[in-house]
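J.: How does the following fold in three dimensions:
(2 chains)
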Amino acid sequence: MTPELAPPFTPASPVELSIALLLSAFLFGLGVVGFLSRRNMIIMFLCTELMFQGTALAFIAFARQHMDVSGQVFVIFILTVAAAEAALALGLVVLLYRCRETLSSEAWSSLGESQASSASDAPSASAAGGAL
Amino acid sequence: MVPISFYAACAMASVGLLILLKPRNGTARFGASALALSGLALALATVARAVDGAAESPLPIAAMSLCALVACFAGVRVITHPRPVYCALYFVLVVVSTAAMYVLLRAEFMAFSLIIVYAGAILITYLFVLMLAQQSPTDTHGAEAVNYDRIPREPASAVFAGLVVVAVLGSAVFAPRSAAIAQMDQANAVRRGWDDLSRMPDLLLARAKAIDPTVVAVQADEHGRRLRAGSGSSATVLVSRTDGAAPAAMELPASALPDNTSRVGMALVSRFPISLELAGVLLLMAMLGAVVLARRQADIADDERRAHAGLPRHHDHAQGGGA
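T.: Below is the predicted model:
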């Protein structure tokens, strides 16, 4: 069309789009690796946020490619879900930490109450079980 | 068609990441970082060569590559650093470099809301929780982090899973792009942009005034439309220049199209209003859930503190907000 169109309305450079999509794939992959290999529960949730970042970047890149703002609007909802997830997940992590006094996910490899370290932990473990 | 050098680059980066995941001494980490970085650079070069972009200016591409390298470095540090607080701080670096990439992709509003929401709100929450769940007092003076933060769990299979994910997702990068679809997308974008502008009377008047300062009002035509999109990328509006004068047609050039923030806001309220309401409901539910979790946790903590101090437990102390 006419050359006076502003950049959001002109086709994006294919190389830029490819770099953005590549970075989104890498961020998602790093999030997967971190979620599987880290044992700190807070870092595991941080790695899910890394995956959110990769997904959101892919949405923005495709929104630029198709010159449509729907992708950007979707990222707003991704941010909303990420904020809600962070609030709830971190609340649960603090609850779990109070029960076992450790952030290691392997303290919860068996979900029964038999692994409670002391007798005083037993009521709190059952309370956490009820919360979950 | 995905070139084989892309898979080679992914494999190189994975081997480097695998070495970085385990606690090592300085030289091994340096070599692994060099391996991962060269794998990343090879992947970027493969992409730049596979996609035909010969006639493009190198500056935005260089800026994009720089952002990608910084984001990847920070992402690797997030999953390899033994101290959780540094992981969270490196995640801030990921967010900032991703936001820079959003700006380069012409999503300015989302770039700033990403920084505000992620770096400003979510990461602060993470830092607070890290401080709440502080591990041990020996952690403060010794360089020794706690064991479960230093030693990864099954790093080889985790890196292999990540490699498969990246290799599959990478095929999207090399998918061919049709010029016809790009032209259709552009026509749709321009039409939708004028459509959005016609629903924003104040912005429309400001755009008309920017072209001709004597304009005092934008009139609707006999069909009630304020703006009629032309055949090209321009549009015509009916404006009146003095009070009571007959409306005259005026052409708006493509530079009068609404900017990114206006378009996002208009899309939110005109195309996705129900989703916007549902997002609000979701946030409310999350807030209620967090309050419920925090109340129960304060209850337990208070009770346990009494038990440790040798006092009798009392379960009716539900309002222990000071804990």
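
J.: Ranking helices and strands of chain B by mean pLDDT, which lands last?
T.: Of all helical and strand segments in chain B, the minimum by mean pLDDT, DSSP states H and E falls on helix B:138-141, at a mean of 49.

J.: Show the contacting residues for the most centrally placed residue in chain B.
T.: Centroid check for chain B by Cα atoms, centre = their mean gives B:Leu114 as the closest residue, at 5.3 Å. By Cβ atoms under 8 Å, 6 or more residues apart in numbering or on different chains, the contact list for B:Leu114 reads A:Ala56, A:Val75, A:Leu79, B:Val95, B:Thr98, B:Ala99, B:Tyr102. No exception for glycine: its C-beta is placed from N, CA and C like everyone else's.

J.: Quick one: the helices in chain A, in order.
T.: With DSSP state H, the ranges of helices along chain A come out as A:14-37, A:41-66, A:70-100, A:121-131.

J.: just to revisit the earlier point, quick check on the contacts of B:Leu114: which are buried?
T.: With burial judged by 16 or more other Cβ atoms under 10 Å in any protein chain shown, the buried subset of the contacts of B:Leu114 is A:Ala56, A:Val75, A:Leu79, B:Val95, B:Thr98, B:Ala99, B:Tyr102.

J.: Pass me the low-pLDDT residue ranges in chain B, would you?
T.: Across chain B, the ranges flagged by pLDDT under 70 are B:52-56, B:135-146, B:244, B:296-302, B:313-323.

J.: Let me see the ranges of the helices in it.
T.: B:4-21, B:26-50, B:58-80, B:84-104, B:108-114, B:123-132, B:138-141, B:147-150, B:155-170, B:179-198, B:201-211, B:260-270, B:273-308.

J.: if we compare these, which one ends up closest to A:Val69?
T.: Among the helices of chain B, the nearest to A:Val69 by Cβ to Cβ is helix B:260-270 (4.7 Å).

J.: If you count contacts, what does that closest one end up packed against?
T.: helix A:70-100, helix B:108-114, helix B:179-198 (3 or more Cβ pairs under 8 Å, 6 or more residues apart in numbering or on different chains; DSSP states H and E).

J.: Could you list the low-confidence segments of chain A?
T.: For chain A, applying pLDDT under 70 flags the ranges A:1-4, A:112-132.

J.: at 90 what do you get?
T.: Across chain A, the ranges flagged by pLDDT under 90 are A:1-18, A:39-40, A:65-68, A:91-132.

J.: Please state the offset of stretch B:118-133 from the chain centre?
T.: Here stretch B:118-133 shows a centroid-to-chain-centroid distance of 18 Å under the convention Cα atoms, centre = their mean, to the nearest Å.

J.: Would it count as contacting chain A?
T.: Yes. Stretch B:118-133 comes into contact with chain A (Cβ under 8 Å from any Cβ of the partner chain), by way of B:Tyr118, B:Ala121, B:Ile122, B:Thr125, B:Tyr126, B:Val129, B:Leu130, B:Leu132, B:Ala133.

J.: What is the burial count for B:Ile116?
T.: 12 (other Cβ atoms under 10 Å in any protein chain shown).

J.: just the one 4 residues further on next, same as before
T.: Neighbour count for B:Gly120, taken as other Cβ under 10 Å: 13.

J.: quick one: it and chain A, what's the gap?
T.: To chain A, B:Gly120 is 11 Å away according to Cβ to the nearest Cβ, to the nearest Å.

J.: Now for B:Pro247, how many residues are close by?
T.: Neighbourhood size, B:Pro247 [other Cβ under 10 Å]: 15.

J.: any chance you could read off phi and psi for it?
T.: In terms of degrees, to the nearest 10, the main-chain angles of B:Pro247 are phi -70, psi 140.

J.: is it true that it touches B:Gln219?
T.: Yes. B:Pro247 lies in contact with B:Gln219 (Cβ atoms under 8 Å); the separation is 4.2 Å.

J.: Find residues that contact each of the two.
T.: B:Leu238, B:Val239, B:Ser240.

J.: Kindly state the beta-bridge partners for the last one.
T.: Same thing as B:Ser240. For B:Ser240, the beta-bridge partners are B:Ala217 (DSSP bridges).

J.: ok, now which ones touch it?
T.: B:Val215, B:Val216, B:Ala217, B:Gln219, B:Ala246, B:Pro247, B:Ala248.

J.: For the second one, give its distance to B:Pro253.
T.: Here the distance between B:Val216 and B:Pro253 works out to 20 Å (Cβ to Cβ, to the nearest Å).

J.: Also the first one?
T.: Taking Cβ to Cβ as the measure, B:Val215 falls 15 Å from B:Pro253.

J.: cool, the fourth one as well?
T.: Relative to B:Pro253, B:Gln219 is positioned 19 Å away (criterion: Cβ to Cβ).

J.: Tell me which of the two has more neighbours.
T.: A side-by-side neighbour count of B:Gln219 and B:Pro253, using other Cβ under 10 Å, places B:Pro253 first with 15 against 12.

J.: Does the more buried one touch B:Val237 like I think?
T.: No. Between B:Pro253 and B:Val237 there is no contact under Cβ under 8 Å: 11.7 Å.

J.: how distant is stretch B:192-211 from the center of its chain?
T.: Using Cα atoms, centre = their mean, the offset of stretch B:192-211 from its chain centre is 29 Å.

J.: buried stuff in it?
T.: B:Arg192, B:Gly193, B:Trp194, B:Asp196, B:Leu197, B:Ser198, B:Met200, B:Leu203, B:Leu204, B:Leu205, B:Arg207, B:Ala208.

J.: so which of those would you say is closest to chain A?
T.: Nearest to chain A out of the buried residues of stretch B:192-211 is B:Gly193 (Cβ to the nearest Cβ; 6.6 Å).

J.: for residue 69, what are its contacts?
T.: All of this refers to chain A. Contact partners of A:Val69, counting by Cβ under 8 Å, 6+ apart, are A:Ala63, B:Asn260, B:Arg263, B:Val264, B:Ala267.

J.: could you do chain B instead?
T.: Applying Cβ under 8 Å, 6+ apart, the residues near B:Leu69 are B:Leu37, B:Leu40, B:Ala41, B:Leu44.

J.: likewise B:Val215?
T.: B:Leu205, B:Ala208, B:Lys209, B:Val239, B:Ser240, B:Arg241, B:Met250.

J.: so who does the last one touch?
T.: Pointing back at B:Met250 there. Counting by Cβ under 8 Å, 6+ apart, B:Met250 touches B:Ala208, B:Ile211, B:Asp212, B:Val215, B:Thr236, B:Val237, B:Leu238, B:Val239.

J.: Kindly recompute the last result at 7 Å.
T.: Contact analysis of B:Met250 by Cβ atoms under 7 Å, 6 or more residues apart in numbering or on different chains lists B:Ala208, B:Asp212, B:Thr236, B:Val237, B:Val239.

J.: before we move on, what about the first one?
T.: Shown here is B:Leu205, whose contacts under the criterion Cβ under 7 Å, 6+ apart are B:Val218.

J.: hmm, back to that, now rank the contacts of B:Met250 by neighbours and give me the top one.
T.: Ranked by neighbours (other Cβ under 10 Å), these are led by B:Val237, which has 28 neighbours.

J.: isn't it right up against B:Ala229?
T.: No. If you go by Cβ atoms under 7 Å, B:Val237 and B:Ala229 don't touch, sitting 10.5 Å apart.
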